[in-house]
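[1] next comes the sequence, and after it the predicted model I'd like to discuss.
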Amino acid sequence: MELSRVIIKTSLFLAILFSLSLTGYRVEAADKENCLMCHKYAQIGRIDEEGRKRSYFVSETIYANTVHRNVPCRDCHSYITKIPHDTVTDEVNCANECHIKPPFSKENFSHKKIIEVYDRSVHGMKEGDTEELKAAKPYCKYCHPNPQFTKVGEDRIAFETTLKRCLNCHERKGVTQAYKHITHRLRHKTSRTRREIVMLCAKNCHAEVDLMKKFNVSKESLESVETYTDSIHGKAVALGSEATADCVSCHATSAIHDIYKKDEKDSTVHKNNLTTTCKQCHKEANEKFAQIDVHSAIEPHEKPILYSLNMALTLVFYGSVFGLIGLAILETYGRKKDGIEWQIIHGTSWRGTSKRKPK
C-alpha cells in the first residue's frame with residue numbers, strides 16, 4: 001500500500017515536469033530552479049498581517065516576453081537562500097549584479113550605473129527626506145512596470161539616440177558585435193510614446209497639486225503640468241506628435257534618469273545649459289531663444305500684454321471658425337428658400353433650379 005502511494009506521487013511529479021517541459025520551454029532557461037512550478041498558479045498567495053491578499057502569481061506568457069526573461073529569479077530575489085522559501089520580507093534591489101554577460105562585455109550585467117545616476121537626481125532618496133517624501137518619489141518599478149512596454153516601429157528610433165542610451169552601460173568597442181547587438185535591439189526595441197511619458201510624469205505626481213504643496217515646491221512646479229499642456233509642445237503631443245518635446249526631452253540627457261532641480265548646475269534646464277537643451281530640436285536656437293518660458297502661466301495681473309494678445313488671438317480664431325459656420329448656415333438657408341434641395345447621393349450636393357428670377 002505504501003509502495004503504491006510512492007509510485008502515484010512519483011508519477012504525478014514526473015507528469016508535472018513533463019507538462020512544464022512542453023508548455024513552458026520559453027522560460028525554462030531562466031527558471032533553472034523551477035520557481036514557476038508553484039508561482040504559475042493564478043490563486044497562489046496569502047493574507048498578510050494587515051488583512052490584505054498578496055498575490056504571488058507569475059504569468060509564464062508575460063514573463064517569457066519581458067526584458068527579464070533570461071534572468072534567473074534569484075538574480076533579483078537574492079535574499080532567497082532555500083527552496084521552498086520562507087515569507088519574503090525584503091524588496092528587490094535593481095542594482096544587483098545579474099549572472100548574464102551582455103554582448104562584447106566581460107562583466108556581468110548590472111543596473112548599478114543607472115541606479116547611481118538616479119540616486120543623484122531629484123527623484124533619488126536623500127538623507128534628509130521625510131518618510132512621506134520618500135513614499136512619494138518614483139522608484140524603479142513606478143516607471144518600469146512588468147508586464148511589457150508598448151512596441152514601437154523601427155523608423156521612430158534615431159540611431160544616435162539609441163546608441164547614446166546603450167553607452168550608459170556598455171563600452172564603445174567591438175564595432176561589429178556592437179552593430180549586431182544594436183540592430184537586434186532596434187528590431188525588438190520597446191518604449192513609450194510621448195503622450196505616455198507625459199501621462200506617467202503627471203499621474204499621481206506632478207498633476208497632484210495637493211501632494212506637491214506638501215513638499216514646498218515652487219509655484220512654477222505646481223503649475224508645470226497645466227502650463228505644459230497649454231504650451232505648443234503639450235498640444236502637439238496631445239495630438240499624437242512623436243517629434244515634439246516631452247518631459248524627458250528637456251529635463252534629462254540620454255541617461256534618462258539624470259533629472260535635477262533647475263537651479264542645480266547639472267540640470268539640463270539650468271540657465272547655463274538651456275541653449276544646448278533647446279538645440280536638440282531647434283538647431284538655430286541661441287540664448288535669446290532659450291529665454292522663452294516653456295512653462296509660462298499667462299495671468300492678467302502678471303503679464304497683461306501677453307494675456308491681452310493671447311485673448312485677442314483666441315477671439316480671432318474662434319471668430320473665424322464660428323463666422324464660417326454662420327456663413328454656411330446662411331448660404332444653406334438662402335438656397336433652401338430659393339427651392340434648391342440639399343441631397344446626399346454619393347456625397348453632398350445641391351439639386352434643382354433656383355426659383356429666384358435674375359435681375
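    Nice, I can see it. This structure is a prediction, so every number in the text was calculated from the model and none was measured.

[2] measure Cys73 to Ser55 for me?
    Taking Cβ to Cβ, to the nearest Å as the measure, Cys73 falls 16 Å from Ser55. The way it works is simple: take the backbone N, C-alpha and C, and place the C-beta from them, glycine included.

[3] grab the nearest non-local neighbour of Lys303.
    Leaving aside its chain neighbours, Lys303 sits nearest to Ser296 (7.6 Å; criterion: Cβ to Cβ, 6 or more residues apart in numbering).

[4] so what are the domain limits for this structure?
    Recorded structural domains for the chain (assignment: automatic domain parsing) are 1-91, 305-351.

[5] quick one: which of those is nearest Asn168?
    Taking Cβ to Cβ, domain 1-91 is the member of the domains of the chain nearest to Asn168, at 14.9 Å.

[6] follow-up on the earlier one: what about the residue nearest to Lys303, how many residues close to it?
    15 (other Cβ atoms under 10 Å).

[7] now swap in His170 and tell me
    By other Cβ under 10 Å, the residues close to His170 number 18.

[8] distance check, it against Pro300.
    53 Å.

[9] by mean pLDDT, point me to the weakest helix or strand of the chain.
    Here the helix or strand of the chain ranked lowest by mean pLDDT, DSSP states H and E is helix 2-23, holding a mean of 56.

[10] ok, then the element right after that one?
    Downstream of helix 2-23, the first helix or strand assigned by DSSP states H and E is helix 36-39.

[11] mind giving me the packing neighbours of that next one?
    helix 2-23 (3 or more Cβ pairs under 8 Å, 6 or more residues apart in numbering; DSSP states H and E).

[12] count of neighbours near the spatially closest residue to Asp119 that is not a sequence neighbour?
    Once flanking residues are discounted, Asp119 sits nearest to Met125: 7.2 Å by Cβ to Cβ, 6+ apart. Met125 is flanked by 11 other residues according to other Cβ under 10 Å.

[13] one more: Tyr63?
    Count around Tyr63 with other Cβ under 10 Å applied: 22.

[14] Cys73 and Ser55: which is more packed in?
    Taking other Cβ under 10 Å, Cys73 and Ser55 do not tie; Cys73 has more neighbours (20 against 11).

[15] for that one, give me its contacts.
    Cys73 sits next to Ala30, Asp31, Glu33, Cys35, Ile80 when contact means Cβ atoms under 8 Å, 6 or more residues apart in numbering.

[16] quick check, the residue nearest to Asp119 in contact with Lys134.
    Yes. Counting by Cβ atoms under 8 Å, Met125 does reach Lys134; the two are 5.6 Å apart.

[17] now Cys35, nearest residue through space, not along the chain?
    Cys35 sits nearest to Cys73 (Cβ to Cβ, 6+ apart), 4.7 Å away.

[18] that'll do, ta.
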